[in-house]
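Trainee: fold the stuff below for me.
(one chain, ligands or ions: 1)
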Amino acid sequence: MKFFDPHIHCISRTTDDYENMYLAGVRAVVEPSFWLGQPRTSVGTFIDYFSMILEWERERAATFGIEHRCTIGLNPKEANNEKLADEVLEILPDFLAREGCVAIGELGYDSITDAEDRAFRKQLEMAKEFDLPVMVHTPHRDKARGTQLTIDVVKEFDFDPLSVIIDHSTEETTKMILDAGFWAGHTLYPATKLTKERFANIFFEFGNEHITVNTSGDWGKSDPMLVVKAAAMLEQRGASREAIQKLVWDNPVEFYGENRLKLEKRK
Ligand SMILES: [Zn+2]
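Mentor: Residues are numbered from 1 along each chain as shown. This next block holds a predicted model:
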């Protein structure tokens, strides 16, 4: 089985993580740009960060046999520093056009403020301009309301719904996302938010059409092996290997698009 983690913050992972991922069959990842914990104070840090994930992290992953691509965007949390947000939105087009940028994201809402709304809408416009898929982050608090609002706003922009993934979905939201025609992304954590056990229930209810699964693999308590572990659990619970393979490889490739990913090792 071959694995693609479509949402992992590799800059927070160790070389052991990369080794273990490779040994387990992870061959491709997408690293969405996001916040860094510590709030950034100048546009220069964004420039360096975007370059770092597009260039250095890609090279680091490749050393371990893993193909690494990115999504680039102004994250919702830092959209609340409006002066800085404007500066970031100004430099964003340069990075959206770069090799290795396969979508705009993570966008969306965190605390659901006016400033977040403004940055979200501006970037949805950019997605159209640059013909990029959209990766949307949904708030971990007040999940259903945040997701419904996100769906309503994205719909205003009249995208092909299959060029949009709404991530961090849970039992509360998968149905509303799929019913709206979008991809539903599921971020697995070891104990909180959404576990592999809970995701397995979602899989057996909704199947594997327009559904992806990822680890986030960030600097909080997370586990970059969770896509692999979830696949093992699905198999133990009776899913076919073909159905699992589609979930953990074909689906992310379909969402981002082979023409953008330009993976060297095809299936
Ligand atoms: Zn993330």
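Trainee: quick check, residue 202 in contact with residue 172.
Mentor: No: using CB atoms under 8 Å, residue 202 is not in contact with residue 172; the gap is 10.4 Å. Placement of C-beta: from N, CA and C, glycine included.
Trainee: these two: which is more packed in?
Mentor: Legend: neighbour count by other CB atoms under 10 Å for residue 202 and residue 172, higher for residue 202 (19 against 11).
Trainee: show the contacting residues for that one.
Mentor: Residues near residue 202 by CB atoms under 8 Å, 6 or more residues apart in numbering: 170, 171, 174, 186, 211.
Trainee: residues near the third one, how many?
Mentor: It refers to residue 174. When neighbours are defined as other CB under 10 Å, residue 174 has 22 of them.
Trainee: same check on the fourth one?
Mentor: By the measure other CB under 10 Å, the count of residues near residue 186 is 26.
Trainee: all helices for the stretch 51-200 of the chain, in order.
Mentor: Taking DSSP state H, counting those that start in this stretch, the helices of the stretch 51-200 of the chain run over residues 57-63, 82-96, 114-130, 143-156, 174-179, 196-206.
Trainee: list the buried residues for stretch 163-183?
Mentor: With burial defined by 16 or more other CB atoms under 10 Å, the residues of stretch 163-183 counted as buried are 163-170, 173-174, 176-178, 180, 182-183.
Trainee: my bad, should have said stretch 147-161
Mentor: For stretch 147-161, the neighbour count (16+ other CB under 10 Å) marks 147, 149, 150, 151, 153, 154, 159, 161 as buried.
Trainee: hmm, the last one is touching residue 179, no?
Mentor: No: assessed by CB under 8 Å, residue 161 is found out of contact with residue 179, at 10.4 Å.
Trainee: circling back: out of the buried residues of stretch 147-161, flag the one nearest to residue 94.
Mentor: Set against residue 94, the nearest of these by CB to CB is residue 159 (22.7 Å).
Trainee: tell me who's in contact with the closest one.
Mentor: Residues in contact with residue 159, defined by CB under 8 Å, 6+ apart, are 124, 127, 128, 134.
Trainee: show me which pair in those is furthest apart.
Mentor: Checking the contacts of residue 159 with CB to CB, the most distant pair is 128 and 134, at 9.3 Å.
Trainee: higher neighbour count, these two?
Mentor: residue 134 (27 against 14).
Trainee: how about the contacts made by the residue of the chain most remote from its centre?
Mentor: Most distant residue from the mean C-alpha position of the chain: residue 238, 27.1 Å away (CA atoms, centre = their mean). Residues near residue 238 by CB under 8 Å, 6+ apart: none.
Trainee: that one and residue 203, how far apart?
Mentor: Relative to residue 203, residue 238 is positioned 11 Å away (CB to CB, to the nearest Å).
Trainee: now swap in residue 248 and tell me
Mentor: 11 Å.
Trainee: same deal with residue 97?
Mentor: To residue 203, residue 97 is 36 Å away according to CB to CB.
Trainee: show me which of those two is the more surrounded one.
Mentor: Set residue 97 next to residue 203 and count neighbours by other CB under 10 Å: residue 203 wins out with 23 against 11.
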